[in-house]
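J.: my questions are about this predicted structure, shown below with the sequence.
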Amino acid sequence: MSFREEIRRRAAEAGSTVVLAEGWDERVQEAARTIESRGMASVLLLGRSVNGDNRVDQVAELLAARKPDKERDADRAIELARDPIWFAAGLVALGEVAAGVAGATCPTGEVIRAAMWAIGAADDVRTVSSAFYMFCPYCPSWPKRQSGGPEPHDVVLTFTDSAVVPDPTADQLAEIALAAVRDRQLIVGDEPRVAFLSYSTKGSAAGPGVDKVRLAAERFRQLAPEIPCDGELQGDAAIVPEVALR
């Protein structure tokens, strides 16, 4: 079973409901049809404004309670709760749905602000970040499948952070990598190995960016000594063992 097939199987077994916040977009509508036709989840599709849903008041109360210093005005809380991005985040926070998806048409920053306000970060997360999961054709020179991971033709790479923190410090890079490791263990199910990427491989170039990445790798080893990691590395050296050996 491929990685994507496994993800679909797990989603179907969960039998959850997900909210897609930008239901006016044709791509989102098509996604909703695909999700339901494959039996992966039930879908709540939102319009540009949320009206007539009795949960708007609940979401408004949640938002006001989460940041009472900012939302003393009940009308403002209701206004936010009627926005589909904020309403979707509120439904996740209230446990009404298992997950929410947004960002097809709305800026990433707005999606993150709504999620941070309504849901918040995990207790031990100081740096909110993002991760991309890249599904790639299998290359014989890449590491073989680990127990519990995807099939040999399913090479799944996690890239973090490529969307949220524009210029992280070394400590933030280490924290971001640790968050990505924890998520990958849940999503992909293998034993992660971390490469801290740079334009330099083990001193082949120099500069403040190289120093920061090298320090980030050291910080990560302190945070998670049980997780294999290396850096600084260029992309080819991180992925292809023959290049790394040279």
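T.: That came through fine. Remember, predicted model here, so these are calculated numbers, not experimental data.
J.: from here on, contacts and neighbour counts on C-alpha atoms
T.: OK.
J.: against Asp69, how distant is Phe3?
T.: With the distance defined as CA to CA, to the nearest Å, Phe3 ends up 45 Å from Asp69.
J.: higher neighbour count, the two?
T.: Between Phe3 and Asp69, counted using other CA atoms under 10 Å, Phe3 has the larger neighbour count: 20 against 9.
J.: show me what the longest helix along the chain is packed up against.
T.: Longest helix of the chain, by residue count under DSSP state H: helix 170-187. Applying 3 or more CA pairs under 8 Å, 6 or more residues apart in numbering; DSSP states H and E, one finds that helix 170-187 makes contact with helix 208-223.
J.: just give me how far the helix it packs on sits from the chain centre.
T.: Helix 208-223 has its C-alpha centroid displaced from the chain centroid by 22 Å (CA atoms, centre = their mean, to the nearest Å).
J.: check which helix or strand covers Val43.
T.: Secondary structure from DSSP states H and E places Val43 in strand 42-45.
J.: who touches that strand?
T.: 15-23, 29, 32, 35-36 (CA atoms under 8 Å, 6 or more residues apart in numbering).
J.: pretty sure Leu157 is in a strand, no?
T.: Yes. Counting by DSSP: H, G, I helix; E, B strand; the rest coil, Leu157 falls inside a strand.
J.: I figured it hits Phe135, correct?
T.: Yes. In this structure, Leu157 sits in contact with Phe135. The criterion is CA atoms under 8 Å, and the distance is 6.7 Å.
J.: that older thread, buried set for the strand holding Val43?
T.: Of the residues in strand 42-45, those with enough neighbours to count as buried (16 or more other CA atoms under 10 Å) are 42-43, 45.
J.: how far away is Ala174 from Ala88?
T.: On the measure of CA to CA, Ala174 and Ala88 end up 30 Å apart.
J.: what of Ala180?
T.: Taking CA to CA as the measure, Ala180 and Ala88 are separated by 24 Å.
J.: figure out the helix or strand that the residue lying closest to Asp57 once chain neighbours are set aside lives in.
T.: In space, Asp57 comes closest to Ile78 once its chain neighbours are excluded; the distance is 6.8 Å by CA to CA, 6 or more residues apart in numbering. Assigned by DSSP H and E, Ile78 belongs to helix 74-81.
J.: quick check: angle from the helix or strand just after that helix to helix 74-81?
T.: Sequence-wise, the next helix or strand beyond helix 74-81 is helix 84-94, with elements assigned using DSSP H and E. Using axes from the mean of the first three to the mean of the last three CA atoms, to 10 degrees, the interaxial angle of helix 84-94 with respect to helix 74-81 works out to 90 degrees.
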